[in-house]
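Undergrad: sequence first, predicted coordinates after that:
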Amino acid sequence: MKILLVEDEEKLARFVELELKYEGYEVEKAFDGRRGLEQALSGVFDLILLDIMLPELSGTELLRRLRRVSQVPVIMLTARDGVPDKVAGLDLGADDYITKPFEIEELLARIRAALRRRETDAAATDGTVTCGVVTLDPSSRDVTVSGERVELTKREFDLLEYLMRNKNVVMSRDKLLGDVWDFDFDGGTNAVDVYVRFLRAKIDDVFNIKLIHTVRGVGYAVRDTEGAT
């Protein structure tokens with residue numbers, strides 16, 4: 001497995017590089033965002049570790065440009081622990097984040113989790129998932145309702161795909177947080193509810209269908225829809 005590390009703190013970068021190599025990963029480094037983007041676009045990597053605060057080009061801007069052409073897993077490294085910063089990175093297409101300072105064991109665990117998800121996603125690209133008039137294609141990451149394409153963020157798509165692959169099964173908020181976000185939120189978070197509202201606003205409300213159902217006190221379930229009107 002080959003990892004690109006984009007980090008301007010050279011001592012931290014060297015430490016992480018040595019730990020990753022000890023675990024058997026091949027590592028390339030970049031110390032600024034512009035060089036990191038060049039390497040990300042010209043090389044073949046299994047995962048990218050990306051600092052947010054970078055010279056030349058910020059990590060969030062690098063990610064925004066990268067996501068135009070690549071879905072390689074990205075874990076953000078950030079000294080900022082505010083929820084808005086984390087949500088912004090995730091909405092741009094990051095797969096995970098870890099806040100500095102971090103324990104190397106946690107970083108390695110998140111890397112393993114991201115690579116497992118990548119393998120699962122690759123295995124799931126053989127066919128589309130359909131719930132009534134809603135069709136989701138994991139290979140192109142397209143969602144259509146009665147043939148009309150719906151624009152979703154990466155997190156919205158991941159949540160919808162998980163619910164559709166578990167059609168008619170009620171999923172608790174904790175289960176969704178663990179399996180879709182795959183990292184620990186504070187127990188009081190309303191992230192799942194927020195993203196369900198985003199999906200309903202783009203699909204249920206626009207096409208006058210009932211796709212995502214609330215099971216009060218438990219969680220959410222996707223069920224087959226009738227024709228859009």
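TA: Cool, got the structure. Note that the structure is predicted; figures quoted are calculated from it, not measured.
Undergrad: give me every residue that touches the spatially most central residue of the chain.
TA: Centroid-nearest residue in the chain: Asp95, 3.3 Å away (criterion: CA atoms, centre = their mean). Residues in contact with Asp95 (CB atoms under 8 Å, 6 or more residues apart in numbering) are 73-75, 114, 117. Yep, even glycine has a C-beta here, placed from its N, CA and C like the rest.
Undergrad: name the member of the residues you listed with the most neighbours.
TA: In terms of neighbour count, Val74 stands highest of the contacts of Asp95 at 27 neighbours, by other CB atoms under 10 Å.
Undergrad: so after the lengthiest helix in the chain, what's the next helix or strand?
TA: As assigned by DSSP state H, the longest helix anywhere in the chain is helix 104-123. Using DSSP states H and E, the helix or strand that follows helix 104-123 in sequence is strand 129-131.
Undergrad: for that next one, packing partners?
TA: Using 3 or more CB pairs under 8 Å, 6 or more residues apart in numbering; DSSP states H and E, the elements in contact with strand 129-131 are strand 134-137, helix 154-165.
Undergrad: repeat the analysis, applying 6 Å as the threshold.
TA: Counting contacts by 3 or more CB pairs under 6 Å, 6 or more residues apart in numbering; DSSP states H and E, strand 129-131 packs against helix 154-165.
Undergrad: ok, then the element right after the helix it packs on?
TA: Sequence-wise, the next helix or strand downstream of helix 154-165 (DSSP H and E) is strand 171-172.
Undergrad: how many residues are close by Asp96?
TA: 21.
Undergrad: wait, doesn't it sit right on Ala109?
TA: No. Counting by CB atoms under 6 Å, Asp96 sits too far from Ala109 to count as a contact (10.3 Å).
Undergrad: joint contacts of the two?
TA: Common neighbours of Asp96 and Ala109, using CB atoms under 6 Å, 6 or more residues apart in numbering, do not exist here.
Undergrad: helix or strand right after the lowest-mean-pLDDT helix or strand in the chain?
TA: Lowest on mean pLDDT, DSSP states H and E among the helices and strands of the chain sits helix 83-91, with a mean of 71. For helix 83-91, the following helix or strand on the C-terminal side (DSSP H and E) is strand 96-99.
Undergrad: where's Leu90 relative to Ile203, distance?
TA: Leu90 is 20 Å from Ile203, where distance means CB to CB, to the nearest Å.
Undergrad: sorry, slip of the keys, the one I care about is His213.
TA: Relative to Ile203, and taking CB to CB, His213 is found at 13 Å.
Undergrad: more neighbours, those two?
TA: Taking neighbours as other CB under 10 Å, His213 and Ile203 compare with Ile203 leading, 23 against 14.
Undergrad: ignoring the adjacent residues along the chain, who's closest to the more buried one?
TA: Leu211 (5.6 Å; CB to CB, 6 or more residues apart in numbering).
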